[in-house]
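[1] Any chance you can model this:
(chains A and B, ligands or ions: 1)
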Amino acid sequence: MAETTSFTIEQFYKFIEKGKLMSVRCTECGKVMLPPKPICDECLSDKLEWKQLAPRGKLETYTVIHVAPTQFQSLAPYAVGIVKLQDGLKLPGIIKNVAFEDLHIGMELEIEFDASLPSKWPIWPRYYFKPI
Amino acid sequence: MKGKPLASIVSAGLSKFGKMKGLYGRELFAQAAKEAYERCPNLDPKKEIQALFVGHMGESYEHQGHTGATAADWAGLTPVAAMRTEAACASSGVALRAAILAILSGIYDVVMVGGLEKMTHRTTPEVTEFLAMASDFPFEQWHGITFPGLYALMATAHMHRYGTTEEQLAHVSVKNHYNGSLNPKAHMQKIITLEDALKSRIIAWPLKLYDCSLITDGASCLIITKPELAKKYTDIPVHIIGSGHACDTIGIYERESYTSLRAAKLAAKQAYEMAGVSPQEINVAEVHDCFTIAEIIAYEDLGFCEEGMGGRLVENGETRLDGKLPVNTSGGLKAKGHPVGATGTAQAYEIYLQLTDQAEKRQVENATIGLSHNVGGSGATATVHIYRRG
Ligand SMILES: [Zn+2]
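    Model (predicted):
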């Protein structure tokens, strides 16, 4: 079991802090998972390894959020989308540096890593998408 | 055996839905329970109800968990076997499923199933935050994606893929507001126009205020029995003949499709097969219109139309009260309101009224077979139930 303990969300965000987008690959069946999970959701193996992903891809769908939760009040309105990464995996996030009217499905985006950390749980850094 | 009753509804109750100032969730549940007791004079609730299943989404709203016992207490049912189920907006759809299984187990003859939520005493940002708890925290909420935001992502994808329009979304809202105007228990009883809907303020583009269900207080319940006992309690039971329940990834981004809910399609398939009916045989349906796009996707997932044709189905009026297949005759989550935990059994309550000719101004004539479709979060849980007039 020891080798599974590090395939965690906590570890995923530690990599983000270092500017790395990491997925988890099952060494038994080859399934690559984003988000990281401690057991392969295809074959249930726990023989896993970290696999770095290229931090860019294409926008699959998007929205502009006007009514935000308490924490994001100051940012609203802001765009969020789901990006299909070059490796075929998908990741949602905020899209910055873009005029809302320029948002379109298929546009190329890359990840900007923000290493600053909040002071209380969850102590996770954030990442954003921006046009290439 | 296909179409064999699994359990039978012998009574049902619904609190008034709306901003129920000064009333807590458990007090609303007591209102619903009292109505169900009064509808069924042949039943002695204190002696005959053996268990209570209650859907409730969030402790955050009222700083109150442990809802099974709390609801039993306020409904006068202690010391029955009481439990809470939680599956976000499908909390009481799942409770209904659990209650049916409990009856089928043979252990219980009569159980109550319901749901409750008290929401309107909180601010909009607070409710936005609490509702978002139905979605994935580390990858969705943490990156500012709200609950309307998730359905907006589906709407954008549906519009791009199938040419669905903002006008078609607005048609869902106009229809459900009209139906709500005929339901004295609905939160909103106001007719709106397409223009009202299209001009309302943006919540998460392309979804506007009138594309979103309401923040509502309310509670609902049903009393269900073994089918063979139903006639002991009422001359007009409603039989539950199909039940489906499935789940999907908590994160929407992990899914292959953003224009269809896999869990809902699977739950529908299970329920149709169990009931031995086809989508074309449904006479009236309550579907989970937490957002207008969700109703359009529901038509497609439930087989009421081809994939991608949901927008046209509503635009052509086919799901109106006078259409071929009336959907959300209660006003739906959009106009009747969406007290999250109460919604699944509130849908069943409407189908119960329809199949017992008690829906008054919104009665669908000759309705024999009904369906309810209850979705949790952005589709990570879905239940589908099929009912037949007794
Ligand atoms: Zn594997």
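[2] I'd like to know the average pLDDT value across the strand or helix carrying B:Ile224.
    Using DSSP states H and E, B:Ile224 sits within strand B:218-225. If you average the pLDDT over strand B:218-225, you get 98.
[3] Check stretch A:103-121 too.
    If you average the pLDDT over stretch A:103-121, you get 95.
[4] State which one residue of chain B is found closest to the ion.
    At 15.3 Å from the ion, B:Glu254 is the closest residue in chain B, using C-beta to the ion. No exception for glycine: its C-beta is placed from N, CA and C like everyone else's.
[5] For that residue, grab the count of nearby residues.
    19 (other C-beta atoms under 10 Å in any protein chain shown).
[6] Same question for B:Cys247.
    So B:Cys247, with other C-beta under 10 Å, has 18 neighbours.
[7] Can you give me the separation between it and chain A?
    Taking C-beta to the nearest C-beta, to the nearest Å as the measure, B:Cys247 falls 13 Å from chain A.
[8] go on, B:Ile191?
    Distance of B:Ile191 to chain A, computed by C-beta to the nearest C-beta: 25 Å.
[9] pretty sure that residue contacts B:Asn176?
    No: in this structure, B:Ile191 is not within contact of B:Asn176 by C-beta atoms under 8 Å, at 10.8 Å.
[10] Residues in contact with the helix or strand hosting B:Lys269: which ones?
    In the assignment (DSSP H and E), B:Lys269 maps to helix B:262-275. With contacts defined as C-beta atoms under 8 Å, 6 or more residues apart in numbering or on different chains, helix B:262-275 is touched by B:2-3, B:6, B:241-248, B:255-256, B:278-279, B:297-298, B:301-303, B:369, B:371, B:373, B:375, B:379-386, B:388.
[11] Inside helices: which ones of the residues you listed?
    The helices, defined by DSSP state H, take in B:Ile297, B:Ala298, B:Asp301 from those.
[12] Nearest spatial neighbour of the second one, chain-adjacent residues omitted?
    Looking back up the chat, that one is B:Ala298. Distances taken as C-beta to C-beta, 6 or more residues apart in numbering or on different chains place B:Val287 nearest to B:Ala298, at 3.9 Å, with adjacent residues excluded.
[13] residues from chain A in reach of the ion?
    A:Cys26, A:Glu28, A:Cys29, A:Lys31, A:Cys40, A:Glu42, A:Cys43, A:Ser45 (C-beta under 5 Å from the ion).
[14] low-confidence ranges in the chain?
    No chain in the question, so chain A it is. Within chain A, the stretches with pLDDT under 70 are A:1-5.
[15] nope, chain B please
    B:1.
[16] so which residue of it comes closest to chain A?
    Nearest residue of chain B to chain A, counting by C-beta to the nearest C-beta: B:Ala152, 3.5 Å away.
[17] which secondary structure element contains that residue?
    B:Ala152 is part of helix B:147-162 when elements are defined by DSSP H and E.
[18] What is that helix packed up against?
    On a contact count with 3 or more C-beta pairs under 8 Å, 6 or more residues apart in numbering or on different chains; DSSP states H and E, helix B:147-162 meets strand A:56-65, strand A:78-85, helix B:124-132, strand B:202-205, strand B:207-208, helix B:292-301.
[19] rerun that using 7 Å as the cut-off
    Judged by 3 or more C-beta pairs under 7 Å, 6 or more residues apart in numbering or on different chains; DSSP states H and E, the packing partners of helix B:147-162 are strand A:56-65, strand B:202-205, strand B:207-208, helix B:292-301.
[20] Kindly state which of those is positioned closest to B:Gly144.
    For B:Gly144, the closest of these is strand A:56-65, at 6.6 Å, according to C-beta to C-beta.
[21] Show me what that closest one is packed up against.
    By 3+ C-beta pairs under 7 Å, 6+ apart, strand A:56-65 packs against strand A:78-85, strand A:108-114, helix B:147-162, strand B:202-205.
[22] Residues touching the first one, excluding its own?
    Yep, that's strand A:78-85 we're talking about. A:53-54, A:57-65, A:90-95, A:98, A:100, A:103, A:109, A:129, B:143-145, B:149, B:153, B:253 (C-beta atoms under 7 Å, 6 or more residues apart in numbering or on different chains).
[23] Among those, name the buried ones.
    Neighbour counting over those (16 or more other C-beta atoms under 10 Å in any protein chain shown) leaves A:53, A:57, A:59-65, A:90-95, A:98, A:103, A:109, A:129, B:143-145, B:149, B:153, B:253 as the buried ones.
[24] quick one: buried residues of the strand or helix carrying B:Leu28?
    Using DSSP H and E, B:Leu28 sits within helix B:25-39. Buried residues in helix B:25-39, counted by 16+ other C-beta under 10 Å: B:25-37, B:39.
[25] Reformat those as JSON lines; add distance to B:Trp205.
    Below are the buried residues of helix B:25-39 laid out as JSON lines (distance: C-beta to C-beta, whole Å):
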{"residue": "B:Gly25", "distance to B:Trp205": "33"}
{"residue": "B:Arg26", "distance to B:Trp205": "38"}
{"residue": "B:Glu27", "distance to B:Trp205": "38"}
{"residue": "B:Leu28", "distance to B:Trp205": "34"}
{"residue": "B:Phe29", "distance to B:Trp205": "37"}
{"residue": "B:Ala30", "distance to B:Trp205": "41"}
{"residue": "B:Gln31", "distance to B:Trp205": "38"}
{"residue": "B:Ala32", "distance to B:Trp205": "36"}
{"residue": "B:Ala33", "distance to B:Trp205": "41"}
{"residue": "B:Lys34", "distance to B:Trp205": "43"}
{"residue": "B:Glu35", "distance to B:Trp205": "40"}
{"residue": "B:Ala36", "distance to B:Trp205": "42"}
{"residue": "B:Tyr37", "distance to B:Trp205": "46"}
{"residue": "B:Arg39", "distance to B:Trp205": "44"}
